[in-house]
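Student: With the input below, show me the fold.
(one chain, ligands or ions: 1)
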Amino acid sequence: MYKFTSVKNQADKYILSLDNHVSIMEALMAFCQEKGILCGEIGGLGAVNHATFRYLNPSTMKYVDKTFDEQMEITNLTGNISQKDGKPYLHVHITASRSDYSCIGGHLLDARINGACELFVTAFPGTFAGRRTDAETGINLYEF
Ligand code: FE
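Tutor: The predicted structure follows:
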């Protein structure tokens, strides 16, 4: 029904303020590599003007990517950090609001900041959260 692992309450917490116009995923990956973070969680908010979201169609097991070139507020960015092949593996989802206040979202492939982006990263000690591609869903699931 589920699998789980426990984490000791010895997490390092970081607050990041990303430079304007940078790629969120590039900056996050660089930070995780600099700090050697291979297990953790991500939260944040900000504003972007170019973003690519991904949708997984479960009936075809195909990813559908779509790019939006418009100013949007990141109303929520949430994700986790694990490791695959010894490198940080980022799994990030996003909800963003448009100028008419409607929201769109999905799996975040990348987005370019236009304004600000403030992230919170919690790094758990250890490297126990790996990824394995699940044959049924095609998704890289946690492997503990
Ligand atoms: Fe996802």
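Student: mind listing the helices for this protein?
Tutor: Taking DSSP state H as the test, the helices found in the chain are 24-35.
Student: Any idea what the most centrally placed residue in it is bridged to?
Tutor: Centroid-nearest residue in the chain: Val92, 2.0 Å away (criterion: C-alpha atoms, centre = their mean). On the basis of DSSP bridges, Val92 is bridged to Gly79.
Student: do the same with the one 5 residues further on
Tutor: When assigned by DSSP bridges, Ser97 has beta-bridge partners Glu73, Cys103.
Student: since we're on it, how many residues are nearby?
Tutor: Per other C-beta atoms under 10 Å, the neighbour tally for Ser97 reads 17. C-beta coordinates here come from the backbone N, C-alpha and C atoms, glycine included.
Student: Same question for Gly79.
Tutor: 20.
Student: Please apply the same query to Gly138.
Tutor: Neighbour count of Gly138, defined by other C-beta under 10 Å: 14.
Student: so it touches Met61, yeah?
Tutor: Yes. Using C-beta atoms under 8 Å, Gly138 is in contact with Met61, at 4.4 Å.
Student: check contacts around the nearest residue to Thr95 once chain neighbours are set aside.
Tutor: Leaving aside its chain neighbours, Thr95 sits nearest to Gly105 (3.8 Å; criterion: C-beta to C-beta, 6 or more residues apart in numbering). Residues counted as contacts of Gly105 (C-beta atoms under 8 Å, 6 or more residues apart in numbering) are 53, 76, 93-96.
Student: where exactly do the strands run in the chain?
Tutor: Listed in chain order, the strands of the chain (DSSP state E) span 12-18, 40-57, 62-68, 72-84, 87-97, 103-123, 130-133, 140-143.
Student: So what are the sheet partners of the last one and their directions?
Tutor: By that I understand strand 140-143. Here strand 140-143 is paired, per DSSP bridges, with strand 130-133 (antiparallel).
Student: With just CA atoms, put the partner strand into CSV.
Tutor: C-alpha atoms of strand 130-133 as CSV (Å, rounded to 0.1, in the frame of the first residue of the first chain):
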residue,chain,number,x,y,z
GLY,A,130,17.0,7.0,-4.8
ARG,A,131,14.8,6.7,-7.9
ARG,A,132,13.8,3.7,-10.0
THR,A,133,11.8,3.8,-13.2
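Student: Buried residues, it. List them.
Tutor: Residues of strand 130-133 classed as buried under the neighbour-count rule (16 or more other C-beta atoms under 10 Å) are 130-131.
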